[in-house]
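Trainee: quick check, what structure comes out for this input:
(chains A and B)
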Amino acid sequence: MATVDLKDVRKVYAGGVEAVKGVSIAIPDKALCVLVGPSGCGKSTLLRMIAGLETISAGTCSIDGKVVNAIGPTERDIAMVFQNYALYPHMKVYDNMAYGLRNRGTPKDEIDKRVRATAQTLELEHLLERRPRELSGGQRQRVAMGRAIVRNPKVFLFDEPLSNLDAKLRGQMRVEIKSLQRKLGVTSVYVTHDQLEAMTLADVLVVMNAGLVEQLGAPLDIYEKPASTFVASFIGAPPMNLLPLRGGQLEDAITLPEVSGNATMIGFRPEDCEVGADGATSSDGLRLMARVDGVEPVGSESFLYCAAGGGKIVVRVAGRTEVLVGDQLPIFARREKLHFFGSDGKRV
Amino acid sequence: MSPRVVFPNKILPYLLVAPQLAITLVFFYWPASQALRQSMLREDPFGLSSKFVWFDNFKKVLSDPNYLNSIQVTAIFSVSVAAVAMGTALLLAVMAEKVVRSRNLYRTLMIWPYAVAPAIAGMLWLFLFNPSIGSLAYGLRWLGINWDPLLDGEHAMALVVAAASWKQISYNFLFFVAGLQAIPKTLIEAAAIDGAGENKRFWTIVFPLLAPTTFFLLVVNTVYAFFDTFGIIHAVTGGGPGKSTETLVYKVYNDGFVNLILGDSAAQSVILMVIVIALTAIQFRYVEKKVHYG
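Mentor: Residues are numbered from 1 along each chain as shown, chains lettered A, B, ... in the order given. Below you'll find the model as predicted:
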């Protein structure tokens, strides 16, 4: 129903702190765009600028092709789900959901129809007469979602909506948000610091750091080809192993493929490691000796925490493992699974 | 619950509360019981003897048109003071919230009038509105109002209401600022996104969430207007002109200490005491279990 276009958007706070330093993102219609990054990277500020809750210092924000810089949040026709849900505590669930419609002068019977329909979608019918304080965290979250959906806005904005839920509920709601967004086909911007949420929800994933976009693209593309060491270590859990190269050489390496360009950092994902793989040659990939410092069996997989190549690495092995702390192991990673980064942290 | 302290010595705890008990006994229970006794006594005109008349003083007081007038005056005065003081304070608190720069300076300035003694506040307003030398009185006359609080009862009432409210605004302001700060910002933002303009946000979100503060202040302001405004009335109008600003408390003073009708005055004090007890009961019942949202 709407596209969201950010062109060189900046935010400078009074006092000179620059929170967003020129961000350009084009979000296509019906897409779910996830902004992910560590705290303080400017992702929430960016979202609040799209919402109209923060003024835009420079650049333009357009919704549906129309520049909205000077338009207040009231007229932008967006809906937002807040981290703490921001439900009106003195209103019943029904009134919480009807509030936005009433403000826009929707006829009474139309409001009733829409609130009840939305309540049905979110399985909230039995809660309509309750007040927010009588609801559990998960239920409040659903009401907050309902309040956003019922208005049928051009754009949904989500500000870390799942961070106050327990892990199990978070997983459930993640799936639900995704399917709801698909069904309703409303362009959405979702802010999170959780890379798992980011990976699973996004059509367009934007990794932010220090007020700038580090990388923008489809989640799996970013996962497979991180543009910088920052993205490499932020996306993926556990993060990518990064080891320093000195003069094209790696400490403890038994075989090392030809290092591309002037790379100063070599990276490989924990799940791309194989233990053993004797007889591999340097054209096949990287092989190095690692000393096991810790073993974490999770059940379906185990993580080996090792010292190798002048740094620390994590190796994932499927299922159980017989490896013990203190063992010396040869670790192997295929040529095509290796990533190289330059001294500026960028991919080479 | 906090753990109870156990004293090894049986007498010590009583000794520790004794000073407070002594003060309460000497300065409250003793005079209160004196008032109660006095309210049932009637003195002869020369004050040489007194006789026990049961509730005759109460009957006399409650059927006295002057007393009924005083009740009416007090009601008008209290409602006006509470409304003006709370309305203005709320307006100022909302405005102060919006100030970005030197917000604390504004707040401090707003709180100062509370430090002014009632009689001085009264004198201040008396001068400002003095028909012959007052600058504000001059302004009123310029507006075409025949301002004369010394002869016109309504003008006199307006003057004491203004003085009494002015002093109370600071106190209310403090509580409203605290109340406003306690409202999460995201609620206001959510309402803005939900399409509510500034006015609508105030009346549908902010004002309802301030209700506990407002109710608390309503009780406090009523008690203030009833009992703490003696100094202002005494300094500004002395209950006049006629009896148009004679509140219940002022009448107690007038009848007892000026006209020396001790029995009547004591009966009035006892009635006032009952009113205070009732107001306090209301306060404890509703304010103590404040509405908690969230």
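
Trainee: could you look up the SS state of the nearest residue to B:T229 once chain neighbours are set aside?
Mentor: Nearest non-adjacent residue to B:T229, counting by CB to CB, 6 or more residues apart in numbering or on different chains: B:A164, 4.7 Å away. Every C-beta, even on glycine, is put in place using the N, C-alpha and C of the backbone. Secondary structure for B:A164, judged by DSSP: H, G, I helix; E, B strand; the rest coil, is helix.

Trainee: which one's the longest helix in the chain?
Mentor: Picking chain A for this. Selection of the longest helix in chain A by residue count, based on DSSP state H, yields helix A:167-184.

Trainee: try chain B instead
Mentor: Max-length helix for chain B by DSSP H is helix B:65-98.

Trainee: next structured bit after it?
Mentor: The first helix or strand that comes after helix B:65-98 along the chain, using DSSP states H and E, is helix B:103-111.

Trainee: just how off-centre is that next one within its chain?
Mentor: Relative to its parent chain, helix B:103-111 has a centroid offset of 23 Å by CA atoms, centre = their mean, to the nearest Å.

Trainee: show me what contacts A:V9?
Mentor: The contact partners of A:V9, by CB atoms under 8 Å, 6 or more residues apart in numbering or on different chains, come to A:20, A:22-24, A:46, A:49, A:56, A:58-61.

Trainee: go on, A:Q141?
Mentor: Contacts of A:Q141 (CB under 8 Å, 6+ apart): A:85, A:161-162, A:164-165, A:169, A:173.

Trainee: now A:L324
Mentor: A:292, A:295.

Trainee: out of the contacts of A:V9, which comes closest to chain B?
Mentor: Closest approach to chain B among those (CB to the nearest CB): A:M49, at 12.8 Å.

Trainee: ok, the closest one to A:D95 distance?
Mentor: A:M49 is 29 Å from A:D95, where distance means CB to CB, to the nearest Å.

Trainee: same question for B:A266.
Mentor: From B:A266 over to A:D95 (counting by CB to CB), the distance is 54 Å.

Trainee: also A:D194?
Mentor: Look at A:D194 and A:D95: by CB to CB, they are 32 Å apart.

Trainee: ok, now B:I11?
Mentor: Remark: distance between B:I11 and A:D95 (CB to CB) = 60 Å.

Trainee: the residue lying closest to B:S135 once chain neighbours are set aside: what's it in contact with?
Mentor: Leaving aside its sequence neighbours, B:S135 sits nearest to B:L128 (CB to CB, 6+ apart; 6.3 Å). Residues in contact with B:L128 (CB under 8 Å, 6+ apart) are B:134-137.

Trainee: if we go to 7 Å?
Mentor: By CB atoms under 7 Å, 6 or more residues apart in numbering or on different chains, B:L128 lies in contact with B:134-136.

Trainee: of those residues, grab the buried ones for PyMOL.
Mentor: Selection of buried members from these for PyMOL, criterion 16 or more other CB atoms under 10 Å in any protein chain shown:
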select buried, chain B and resi 134
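
Trainee: and of the contacts of B:L128, the nearest to A:A333?
Mentor: Of all the contacts of B:L128, A:A333 sits closest to B:L136, with 86.3 Å by CB to CB.

Trainee: gap between that closest one and B:Y250?
Mentor: B:L136 sits 24 Å away from B:Y250, taking CB to CB as the criterion.

Trainee: and for B:L16?
Mentor: B:L16 sits 40 Å away from B:Y250, taking CB to CB as the criterion.

Trainee: from the chain's centre, how far out does stretch B:134-141 sit?
Mentor: 27 Å.

Trainee: can you list contacts of it?
Mentor: With contacts defined as CB under 7 Å, 6+ apart, stretch B:134-141 is touched by B:127-131, B:147.

Trainee: before we move on, what about stretch A:84-100?
Mentor: A:111, A:115, A:118, A:124, A:127-133, A:140-141, A:143-144, A:146-147, A:150-151, A:164, B:184, B:186-187, B:190, B:194-195, B:205, B:208-209, B:293-294.

Trainee: got it, and stretch A:234-254?
Mentor: So stretch A:234-254 is contacted by A:195-196, A:199, A:207, A:222-223, A:226, A:229, A:232-233, A:256, A:259, A:263-270, A:286-289, A:303, A:308-311, A:313-314, A:330 (CB under 7 Å, 6+ apart).

Trainee: dihedrals phi and psi, residue 189?
Mentor: I'll assume chain A. Note on A:V189: its backbone torsions stand at phi -120, psi 130 [degrees, to the nearest 10].

Trainee: returning to what we had before: looking at B:L16 and B:Y250, which is more packed in?
Mentor: Set B:L16 next to B:Y250 and count neighbours by other CB atoms under 10 Å in any protein chain shown: B:Y250 wins out with 23 against 10.

Trainee: which SS class is the more buried one?
Mentor: Secondary structure of B:Y250, per three-state DSSP, is helix.

Trainee: ok, it touching B:G231?
Mentor: No. Shown here, B:Y250 and B:G231 do not form a contact pair, counting by CB atoms under 7 Å, at 10.3 Å.

Trainee: of the contacts of A:V9, which is the most crowded?
Mentor: A:L46 (28 neighbours).

Trainee: burial of residue 127, as a residue count?
Mentor: By default, I'm working from chain A. Using other CB under 10 Å, A:L127 has 22 other residues around it.

Trainee: right idea, wrong chain: chain B
Mentor: Neighbour tally, B:F127, other CB under 10 Å: 13.

Trainee: excluding its backbone neighbours, what's nearest it?
Mentor: Nearest residue to B:F127 in three dimensions, chain neighbours excluded: B:G134, at 6.0 Å (CB to CB, 6+ apart).

Trainee: point out where chain B drops to low pLDDT.
Mentor: Across chain B, the ranges flagged by pLDDT under 70 are B:1-3, B:286-294.

Trainee: which residue is nearest the centroid of it?
Mentor: With distances taken as CA atoms, centre = their mean, the residue of chain B nearest its centroid is B:Y224 (1.3 Å).

Trainee: now it, what's its secondary structure?
Mentor: The three-state assignment at B:Y224 reads helix, by three-state DSSP.

Trainee: how much space between it and A:H193?
Mentor: B:Y224 is 51 Å from A:H193, where distance means CB to CB.

Trainee: B:G122 now?
Mentor: 60 Å.

Trainee: those two - which one has more neighbours?
Mentor: Ranked by neighbour count (other CB under 10 Å), B:G122 and A:H193 place B:G122 first, with 25 against 18.

Trainee: was I right to think the more buried one contacts B:G238?
Mentor: No. Applying CB under 7 Å, one finds B:G122 not in contact with B:G238, separated by 10.4 Å.

Trainee: between those two, which contacts overlap?
Mentor: Residues touching both B:G122 and B:G238 (CB under 7 Å, 6+ apart): there are none.

Trainee: neighbours around A:M97, how many?
Mentor: 30.

Trainee: that one: helix or strand, and which one exactly?
Mentor: For A:M97, the host element (DSSP H and E) is helix A:93-103.

Trainee: go on, A:G22?
Mentor: Using DSSP H and E, A:G22 falls in strand A:18-27.

Trainee: right, and the helix or strand after that strand?
Mentor: By DSSP H and E, the next helix or strand past strand A:18-27 is strand A:32-36.

Trainee: what angle separates that following strand from helix A:167-184?
Mentor: 140 degrees (axes from the mean of the first three to the mean of the last three CA atoms, to 10 degrees).

Trainee: within range of chain B, give me the residues from chain A.
Mentor: Counting by CB under 7 Å from any CB of the partner chain, the positions of chain A adjacent to chain B are A:51, A:53, A:73-74, A:78-80, A:82, A:84, A:86, A:88-90, A:99-100, A:103-104, A:133.
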